[in-house]
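**Q** Coordinates only, no sequence provided:
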């Protein structure tokens, strides 16, 4: 106990990391489920249905499958780099999330007031970019170390793509930075508080709509997602840079990709969508009960669904889950909890919304050709992002005088 | 935002650099819109840019003093060097226009790079601080690396650029390391601050090491022994107008920086660097002159000759007096003129693809094109140091400064070296006037075109360059007093 | 031993180790990786000195941009294991003593400490303590505006050079 009181900062950080890691890893798993479901419904299919009710146990099954598969290292591979690449990809993708503030203010852990983000850094945005900018190595090195031509080509392609779009990604964010005048996530979010005309939230989305569109497009490409998923173009490159990877190493790349999606969506939320700020007026007191309402309604729907539509074990599991959801919803109406829940609720809702866009884009847009991709990035996106930057800085200069 | 008066004055102090950069950017921006038939116009635009920059020296002269908090110094010294650099660059641009047409390399980027290089050299001439001077050095170096590779399909040009780039980067790394050490030893990168710190602390080991490192870097840029080995290859392989540039302006600018670092920043520890310069001077002169004796390629021979000249300049440098500095300035002015003139002749005679660079190609030139031969003779005699030419007065002042400072042995060695130099300069002159063109020698003897080789007719722009260089050389040789007076005032402003 | 000092030694060790393996690795990619390690370790050292901005920029620019291109080129050229030549005599008899001498000299001056260096206090910009991004930008855009702008021209020259040398002939 003495250790805990002496090194409170360490202990608290470790606890926060553990909690976030658990949440993120679960979210990653269910993001794959969500994606498969949504894409399936877009394409008039059902998606996973057999493993658990609505295929809810599918991620678990996938995870088990990855763990027990044979781990093959191709002959002639550079063993050290071959192992390093997925580790690098995954750990960097997860680390970036440590900087994201999920809610306002502080919570008390072990008697210490701590911010919700794991690491509250005043240069948060810069460090986030620093971490994500190294992410390219995972892809490039994986392609190189596999000692095989398809991974090499895929690695080259995707690193070229990531470098190209990273420029636009960074430039599109600078407009927001100029308006907020800070690299600190909390200040950036605070700068978006307030309303225009009394009801439109002052999010950066509206003045920086060009920046947002550039950001989101570049982010799609940066995370190697459709319609920019050329590195994994099956018809040309088998599976791109991770063709030779199997078993858990493959799973790491897979998880890294989804973790990157979450990071990028979180960043978009912070920069353009007002972070944890509520879009509703603070004078509307009923709005505080929205999280509970949503949870309770969801719980009721689950119970109804389970009892009337399911068979077998699912008839027990689903109603049980519904009860848990309702209980959590009721807990959220407690006076001590209701305040804490608001920030994360809105934040996660916005992130979820963006992730849905991600999946939507994948379900509807055809893949670009490689030269189209490069042309688009360098000849359209970059000039637009630059123009946005120039105009924003002019406006900021004129307004601030 | 209204420009405050001091900002305006600062801008005036860097007017030539501003103008050069603006013209450079303009050239790059215009390049895609100019049809390839009229790319020549870009050359004239660049030339007028350099003329405007020269004209802007009047504005600079009216705003003496430090700019940007002492990062840039505007004094007579910097004005003198700006004059040489901008003049050389203008003339080199003029000499390139025709050459680029011949080689089908007419491009806006060439001129833009020359102008950017000139801006960098201008920064070097005016820098009052090490980091700024480093940036200027890099600007001029990187531009010239690219220029050296401008004949992309010629192997020699590629070789030249690669050697220049790799060794040059190495040298700049040394220079940067020297800056770091000097900063560590003195706590500042400003020349005056370094001098102050050194006069308090005396020559600490770290500061001396820093100076040594900077000498390595600068020694490479001004081409003095033992860092001269790369020069002949680079000068020979680069396109000849670029060689003319390499041999003149960057060297002049690097000498400006060297003077400031050695005399202003490290002035208090003069006794330490004196011997380094002394030894280097001897090595440079001997290496240049004796290697030049063996050359049959005229372009390469002139490369060695410019090494030798760096040695003569070091003699004046080692003199460590105001007269010595003034002699360096005067020598550099004369040197730039005659080198550009000589290389322009080589550009002309070399013809398309630079095929006629050998000594035998010059045989009988006096009969084919007497005026060209006369100009070349003048430049060679000036390089040799014959009276009534700029080269003579340069050597005269340099040796006089050396004798005044009692470095007799160095002057004696320099004088002996000049005599050695006479051999290879005179050989070219004799070939031009007294040897018949070797018609049927060589493997191509059967081809009719090779027997009666005639240099192409002289383009107007080449004439202008040659006339400017020749008149300048004669002016410095016959009426040196005005330039020397200005050089003395510049030297005084350095201290 | 406090945490920052412990971190310093750990990352200084990593930096030195990375630099050594950069030199001794024979596979170009391994050398590049070692260099990236050095960059990141240096960034942490900057952070320990309170220079957050420099630290982040160090990673973004060096590790995230420049070294990516290095790795990219090595992959593209498919550069194999490098050949070792017989070490040159010059390097052995002049280079190694010079390296030892330089390291010794630098170590000596650092051991004497910053206080022994004259004028270190007079250049006020390097005051102790963390430097805020705002201070940094004020220095960059006011006192050192001129070198900053020159640097942009320098980069323009480099871009121009790349275009000139790499462009396909029409």
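**A** Thanks, I have the structure now. For clarity, every value in this text was computed on a predicted model and none was experimentally measured.
**Q** how about the nearest residue to the one residue in the stretch 301-450 of chain B that gets nearest to chain C, chain neighbours excluded?
**A** Closest contact between the stretch 301-450 of chain B and chain C, by C-beta to the nearest C-beta, is at residue B:353 (16.3 Å). Where you see a C-beta, it was placed from the backbone N, CA and C, and this is true even at glycine. Spatial nearest neighbour of residue B:353, chain neighbours left out: residue B:103 (7.4 Å); criterion: C-beta to C-beta, 6 or more residues apart in numbering or on different chains.
**Q** Flag every residue of chain C that's near chain A.
**A** With the criterion set to C-beta under 8 Å from any C-beta of the partner chain, chain C comes near chain A through C:27, C:29-30, C:33, C:36, C:40, C:43, C:52-53, C:56-57, C:59-60, C:63-65, C:68-69, C:71-72, C:75-76, C:78, C:133.
**Q** Next up, the contacts around the nearest residue to residue B:392 once chain neighbours are set aside.
**A** Leaving aside its sequence neighbours, residue B:392 sits nearest to residue B:385 (C-beta to C-beta, 6+ apart; 4.9 Å). Counting by C-beta atoms under 8 Å, 6 or more residues apart in numbering or on different chains, residue B:385 touches B:391-392, B:394-395, B:418, B:421.
**Q** mind listing which of the residues you listed are in helices?
**A** B:391-392, B:394-395, B:418, B:421 (DSSP state H).
**Q** With chain C in mind, check whether the helix or strand hosting residue A:189 reaches it.
**A** Using DSSP states H and E, residue A:189 sits in helix A:185-190. No. Using C-beta under 8 Å from any C-beta, helix A:185-190 never reaches chain C; the gap is at least 12.2 Å.
**Q** Output the contacting helices and strands for that helix.
**A** helix A:124-134, helix A:149-180, helix A:247-272 (3 or more C-beta pairs under 8 Å, 6 or more residues apart in numbering or on different chains; DSSP states H and E).
**Q** Residue B:20 against residue B:115, yeah?
**A** Yes. With contacts counted by C-beta atoms under 8 Å, residue B:20 reaches residue B:115, the gap being 4.7 Å.
**Q** tell me, what's touching those two both at once?
**A** Contacts common to residue B:20 and residue B:115, judged by C-beta under 8 Å, 6+ apart, are B:49-50.
**Q** I'd like the next helix or strand past the lowest-mean-pLDDT helix or strand in chain C.
**A** Lowest mean confidence among the helices and strands of chain C (mean pLDDT, DSSP states H and E): helix C:89-90, at a mean of 76. Going down the chain from helix C:89-90, the next helix or strand is helix C:96-112, by DSSP H and E.
**Q** List the buried residues in that following helix.
**A** residue C:109 (16 or more other C-beta atoms under 10 Å in any protein chain shown).
**Q** hmm, back to that, list the contacts of the helix holding residue A:189.
**A** So helix A:185-190 is contacted by A:99-101, A:104, A:117, A:120, A:124-125, A:176-177, A:180-182, A:270-271, A:274-277 (C-beta under 8 Å, 6+ apart).
**Q** Make a PyMOL selection of the buried ones in the residues you listed.
**A** To isolate the buried members of the contacts of helix A:185-190 in PyMOL, using 16+ other C-beta under 10 Å:
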select buried, chain A and resi 99+100+101+104+117+120+124+125+176+177+180+182+270+271+274+275+276+277
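**Q** Just the pLDDT at the nearest residue to residue A:121 once chain neighbours are set aside, thanks.
**A** Nearest in space to residue A:121, with sequence neighbours left out and distances taken as C-beta to C-beta, 6+ apart, is residue A:127 at 5.5 Å. On pLDDT, residue A:127 comes in at 89.
**Q** Number of residues surrounding residue A:127?
**A** 24 (other C-beta atoms under 10 Å in any protein chain shown).
**Q** Likewise for residue B:406?
**A** Neighbours of residue B:406 (other C-beta under 10 Å): 10.
**Q** The stretch 51-200 of chain B: strands as residue ranges?
**A** With DSSP state E, counting those that start in this stretch as the criterion, the stretch 51-200 of chain B has strands at B:65-67, B:72-74.
**Q** winner for burial among the ones you listed?
**A** strand B:72-74 (a mean of 25; mean count of other C-beta atoms under 10 Å in any protein chain shown).
**Q** Other residues contacting that one?
**A** So strand B:72-74 is contacted by B:13-14, B:60, B:63-67, B:123, B:126-128, B:132, C:146 (C-beta under 8 Å, 6+ apart).
**Q** excluding its backbone neighbours, what's nearest the residue in the stretch 1-150 of chain A that chain B sits nearest to?
**A** Proximity of the stretch 1-150 of chain A to chain B (C-beta to the nearest C-beta) peaks at residue A:126, 24.0 Å away. Counting by C-beta to C-beta, 6+ apart, residue C:56 is the residue found nearest to residue A:126 once chain neighbours are left out, at 3.7 Å.
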